[in-house]
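Participant: model this:
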Amino acid sequence: MSDRLGGPGEKLNAAIRMPAYPSLIALFLSFLKLGATAFGGPAMVPFIGKMAVEQRKWLDGGSFRDGVALCQMIPGATAMQVSAYVGFKVRGVAGAAASFVSFGLPAFLVMVGLSAFYARFHTLPLVASLFNGLQAIIVAIVANATVSFGKTSLKSVRDALIAAVAAAMFVLKVSPIWVILSAALLGLVVIRKNSQPDRGACLESESGSTAPILIIASAAVFLLAVLFFWERKLFDLAVIMLRVDLFAFGGGFASVPLMLHEVVEARSWMDDRTFLDGIALGQVTPGPIVITATFVGYMVYGIIGSVVATIGIFLPSFLIVIGIAPAMGRVNRSVHFSRVLSAILCSFVGLLLSVTLRFASGIAWDIPRALLAIAGFIALLLKSEIIWLVVVGVVVSIIFL
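Facilitator: Numbers count the residues shown, from 1 in each chain. Here you go, the predicted model:
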């Protein structure tokens, strides 16, 4: 008579059904390898899914898709958040931290090196010529991001109106934070209820402890207090990046107008062209475009500034992922949240349009630069990889500009 519970056959079946959860070291190394080749930002999400679902079998396809939906609904860089979500699902908060940090580490290290190179050599004629060409490419990239946002976010005349109001407010130098909050209010008032999300695609509630989140948040507050009394410029830098990440709904490109306002307009830490160069460097590094924060931090306060800015630009969205994932089902069913999110995404279309026009107006256009920008925009519409577009831009700049 076989044992009903715990017999050899039952144990074997259970072993087959149970996923092989990785060690923290395995998580770290797996996402470090992905992060080293993470060109294209959100384009890396399918590769994360292939590794976590198909190759490693850490998650099933449905759980991974739910995580992608979560990360698209909250502020921050989508690919970074998806990496944290996978780590959280398989090894809790420690796993989320391991995968999140390792996925972003290559981009941080490369950007620090490029920032140091830029700070020392950007005035040399060859380097200046190279960045003049890359600036035209960045205009094409931001313009393409505007078109992509518009296709997915603008579904009606009301949506277009919200985008137009946002663009006008940004041109009038209204803080993007107020633009986003105004859009959220408009979303509650004018967007119809048919934007309600699919109730059948939500995550189940899971039990989770708030203790790790409170510990991390408390440590961040303590470090902010240290920065406040030690060096106010570093404190301001950290607070700016925290605020940018909290309001960057829709992915990494949503951070561009927010960071531009805070760094260029509000504090004059750099001019438009230097900030544009930072975005260009962000496109030749692996990882999301928000890694531009590392460049900003380096230019403001050296290595320490780059560390502070990088932590600031990623910490809020990390805490949101590990905090909301266990209760995503309730968030996903909220009609009001959906309406607010839809309006915020519409506002980013307007903000990105304004940034595109501003960047374009700051370039000394000639025929080679215009052709480079037009060709780059068309290539992106045809789904070309950004990294190859940047490489071509570098070659063309060296030869013709």
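Participant: what strand or helix carries the closest residue to Ile363 other than its chain neighbours?
Facilitator: Using CB to CB, 6 or more residues apart in numbering and skipping the chain neighbours, the partner closest in space to Ile363 is Gln135 (5.5 Å). Just so you know, the C-beta spots here come from the backbone N, C-alpha and C atoms, and that holds for glycine as well. Under the criterion of DSSP states H and E, Gln135 resides in helix 125-153.
Participant: after that helix, next one along is what?
Facilitator: Sequence order places helix 157-171 as the next helix or strand after helix 125-153, per DSSP H and E.
Participant: buried set for that following helix?
Facilitator: 158-160, 162-163, 165-167, 169-170 (16 or more other CB atoms under 10 Å).
Participant: and if you look at stretch 93-112?
Facilitator: By 16+ other CB under 10 Å, the buried positions in stretch 93-112 come out as 93, 95-108, 110-112.
Participant: closest to Pro286 out of the buried residues of helix 157-171?
Facilitator: Relative to Pro286, the closest of those is Phe170; by CB to CB it sits at 29.7 Å.
Participant: I figured that closest one hits Leu352, correct?
Facilitator: No - the criterion here is CB atoms under 8 Å, and Phe170 misses it with Leu352 at 9.5 Å.
Participant: re earlier: relative to helix 157-171, how tilted is the helix holding Gln135?
Facilitator: 150 degrees (axes from the mean of the first three to the mean of the last three CA atoms, to 10 degrees).
Participant: and helix 125-153, how far out from the chain middle?
Facilitator: Chain-centre distance of helix 125-153: 17 Å, with CA atoms, centre = their mean, to the nearest Å.
Participant: follow-up on the earlier one: give the residues shared as contacts by Phe170 and Leu352.
Facilitator: Common contact partners of Phe170 and Leu352 (CB atoms under 8 Å, 6 or more residues apart in numbering): Pro257.
Participant: could you list the low-pLDDT ranges of this structure?
Facilitator: 1-20, 39-43, 190-209, 326-334, 401 (pLDDT under 70).
Participant: longest helix of it?
Facilitator: Longest helix of the chain, by residue count under DSSP state H: helix 78-121.
Participant: how many degrees apart are that one and helix 125-153 in direction?
Facilitator: 160 degrees.
Participant: what helices and strands are in contact with helix 78-121?
Facilitator: Where contact means 3 or more CB pairs under 8 Å, 6 or more residues apart in numbering; DSSP states H and E, helix 78-121 is packed against helix 24-35, helix 45-49, helix 61-73, helix 211-230, helix 272-284, helix 292-324.
Participant: relative to Ala184, which of the ones you listed is closest?
Facilitator: Of all the helices and strands packed on helix 78-121, it is helix 61-73 that lies closest to Ala184, at 13.6 Å by CB to CB.
Participant: give the other helices and strands that the closest one contacts.
Facilitator: The contact analysis (3+ CB pairs under 8 Å, 6+ apart) places helix 61-73 against helix 45-49, helix 78-121, helix 292-324, helix 328-332.
Participant: so it versus helix 125-153, what angle?
Facilitator: Angle, helix 61-73 to helix 125-153, by the same axes, to 10 degrees: 110 degrees.
Participant: how about helix 61-73: buried residues?
Facilitator: Within helix 61-73, the residues scored as buried using 16+ other CB under 10 Å are 63-64, 66-73.
Participant: all good on my end, thank you.
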